[in-house]
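Undergrad: Attaching a predicted model along with its sequence, questions to come.
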Amino acid sequence: MRFGAAVLRSYKDPFAVEEVTLNAGPAEGEVLVRIAGCGMCRTDLAVRRSAGRSPLPAVLGHEGSGVVVETGGPDTGLVTGDHVVLSFDSCGRCRSCLGGAPAYCDRFAALNLFGGRPENAARFTDAAGRPLAPRWFGQSSFAAYAMVPARNAVRVDPSLPLALLGPLGCGFLTGAGAVLNTFGAGPGDTVVVLGAGAVGLAAVMAAAAAGAVAVAVDRHPERLALAEKLSAVPVRSDSADLPGHIRRLTDGGARYALDTTGSARLINDALRALRPTGHLGLVARLHTALPLEPGTLDRGRKLSHICEGDAVPGLLIPRLTGLWQAGRFPFDQLIRTYPLADINEAERDCEAGRVVKPVLIP
């Protein structure tokens, strides 16, 4: 089967939309999905800075949505014509997966970031017959079609705007899941969100949907204006005495904080802004040592890393689409669509902060 896909051939070159070949149909437990749209996530773009650990050439993309066109075997739980959102891969057999925590799968890095499932090697080839890297995050959905484990695919209501749903599989899932799953925020709680990008604004929307008060911290006035539109209290990240300012806004300190920036200064400020027993969650990958200032973890405060919003995608994605249908999680307001052929423009706009969430349409 041949179709168009955006191929990244080197860490410095632009994407190239090329014809690729899928050399086999779905194996047992897999489904072939015609992609309706795929979000561009900063994790895709971070491949350029991965120091050679992510194999290239590859088709990236891990926020896909589309229609099932073929299934492998009778036990996928899906049928041709189903509308699905694609999320991260997991083995389904380790202690974390069996314990309902697939984001902490023992094979998460191998399956999603650094090579995929070994049985999938060389299933994709380019027009010259040269192999492409095994699928990215179980998807490689910067393409017209994606072959995915059925475990990755979450059936959704066919009345929903399918092309826009892909980011619910990762970026929006991460921010919303941190608030709804990890924190369990509810009425009377306060949630400080550091960084008003796609993940941060998803957290803001989830906090509002849960009845909590969100405080959004960012340096860009236009992002703060958008956060305020989504019911957050906006705060400039360069505000004088940021921890004190947040404590005053939150009646003595926030219950929860979520950092999406990886900034050591903001992480320390957020810890100081927490009330006793408060919880700061980190979702950004740290590339250097994190110095914590004296006193920041006093009085029962805690710091943890959150992967994929602690989500079971098959549970959280339907919850988020239900909130959207109720007008309480307006994620579509964060999206700008681009033809797949304009993937390099979408990347430039994403890196420059001109768009919160690009979605590519094959």
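TA: Looks like it arrived, so ask away. All values reported here derive from a predicted model rather than from experimental measurement.

Undergrad: hey, let's count contacts and neighbours off CA atoms from now on
TA: OK.

Undergrad: For residue 292, give its distance to residue 264.
TA: Going from residue 292 to residue 264 by CA to CA, to the nearest Å gives 8 Å.

Undergrad: quick one: which of the two has more around it?
TA: Taking other CA atoms under 10 Å, residue 292 and residue 264 do not tie; residue 264 has more neighbours (17 against 14).

Undergrad: ok now do the more buried one, which residues does it touch?
TA: By CA atoms under 8 Å, 6 or more residues apart in numbering, the contact set of residue 264 is 290, 291, 292.

Undergrad: go with 10 Å
TA: The contact partners of residue 264, by CA atoms under 10 Å, 6 or more residues apart in numbering, come to 270, 286, 288, 289, 290, 291, 292, 293.

Undergrad: From residue 6, how far out is residue 20?
TA: Distance of residue 20 to residue 6, given as CA to CA: 9 Å.

Undergrad: anything in contact with each of those two?
TA: Common neighbours of residue 20 and residue 6 (CA under 10 Å, 6+ apart) are 59, 143, 144.

Undergrad: among the contacts of residue 264, which two are most distant?
TA: Pairwise distances across those peak at 18.3 Å for 270 and 288 (criterion: CA to CA).

Undergrad: Compare the two and say which is more crowded by neighbours.
TA: With neighbours defined as other CA under 10 Å, residue 270 and residue 288 compare such that residue 270 has more, 27 against 8.

Undergrad: next SSE after whichever strand or helix holds residue 224?
TA: Using DSSP states H and E, residue 224 sits in helix 221-229. Downstream of helix 221-229, the first helix or strand assigned by DSSP H and E is strand 233-236.

Undergrad: in terms of contact, does residue 170 touch residue 65 like I think?
TA: No. Counting by CA atoms under 10 Å, residue 170 does not reach residue 65; the two are 11.4 Å apart.

Undergrad: Next, show the common contact partners of those two.
TA: Shared contacts of residue 170 and residue 65, defined by CA under 10 Å, 6+ apart, are found at 39, 85, 86, 87.

Undergrad: Among those residues, which one sits closest to residue 240?
TA: Distances from residue 240 to the shared contacts of residue 170 and residue 65, taken as CA to CA, are shortest for residue 39 (35.8 Å).

Undergrad: mind listing what the closest one touches?
TA: Residue 39 touches 61-65, 141-142, 163-171, 335-338, 357-361, counting by CA under 10 Å, 6+ apart.

Undergrad: Give me the spatial nearest neighbour of it, chain neighbours excluded.
TA: Take residue 39 and drop its neighbours on the chain: the residue closest to it by CA to CA, 6 or more residues apart in numbering is residue 359, 4.1 Å away.

Undergrad: In strands only, show me the contacts of residue 39.
TA: 64, 65, 335, 336, 337, 338, 357, 358, 359, 360, 361 (DSSP state E).

Undergrad: what stretches of the stretch 201-350 of the chain score poorly on pLDDT?
TA: Low-confidence segments of the stretch 201-350 of the chain (pLDDT under 70): none present.

Undergrad: returning to what we had before: pretty sure the residue nearest to residue 39 is touching residue 40, no?
TA: Yes. The pair residue 359 / residue 40 is scored as a contact, 6.0 Å apart, by CA under 10 Å.

Undergrad: which residues are common contacts for these two?
TA: 63, 64, 142, 166, 167, 343, 346.

Undergrad: contacting residues for the nearest residue to the first one once chain neighbours are set aside?
TA: Read that as residue 63. Closest residue to residue 63 apart from its sequence neighbours, by CA to CA, 6+ apart: residue 166 at 4.5 Å. Each residue near residue 166 by CA under 10 Å, 6+ apart is listed here: 35-40, 61-66, 84-87, 141, 172-173, 359-360.

Undergrad: rerun at 8 Å
TA: 37, 38, 39, 63, 64, 65, 85, 86, 359.

Undergrad: Neighbours of residue 299, how many?
TA: Residue 299: 12 surrounding residues under other CA under 10 Å.

Undergrad: Could you pull up phi and psi at it?
TA: phi 60, psi 40 (degrees, to the nearest 10).

Undergrad: And the helices in the stretch 251-362 of the chain?
TA: Assigned by DSSP state H, counting those that start in this stretch, the stretch 251-362 of the chain shows helices spanning 264-273, 313-325, 343-352.

Undergrad: So which of those is the most surrounded?
TA: Of all the helices of the stretch 251-362 of the chain, helix 264-273 has the most neighbours on average by mean count of other CA atoms under 10 Å, namely a mean of 22.

Undergrad: and that one, how far out from the chain's middle?
TA: Centre-to-centre, helix 264-273 and its host chain are 23 Å apart (CA atoms, centre = their mean, to the nearest Å).

Undergrad: and what of stretch 180-199?
TA: 15 Å.

Undergrad: Same check on stretch 145-157?
TA: On CA atoms, centre = their mean, the centre of stretch 145-157 falls 16 Å from the chain's centre.

Undergrad: what do you get for stretch 38-53?
TA: Worked out by CA atoms, centre = their mean, stretch 38-53 lies 12 Å from the chain centre.

Undergrad: Okay, buried residues for that stretch please.
TA: Neighbour-count burial for stretch 38-53 flags 38, 39, 40, 41, 43, 44, 45, 47, 48 (criterion: 16 or more other CA atoms under 10 Å).

Undergrad: cool, stretch 58-76 as well?
TA: Neighbour-count burial for stretch 58-76 [16+ other CA under 10 Å]: 58-68, 70-72, 76.

Undergrad: mind listing what residue 140 touches?
TA: 58, 59, 60, 61, 62, 146.

Undergrad: go with 6 Å
TA: Going by CA atoms under 6 Å, 6 or more residues apart in numbering, residue 140 touches 59, 60, 61.

Undergrad: List phi and psi for the first one.
TA: Note on residue 59: backbone dihedrals following degrees, to the nearest 10 are phi -100, psi 120.
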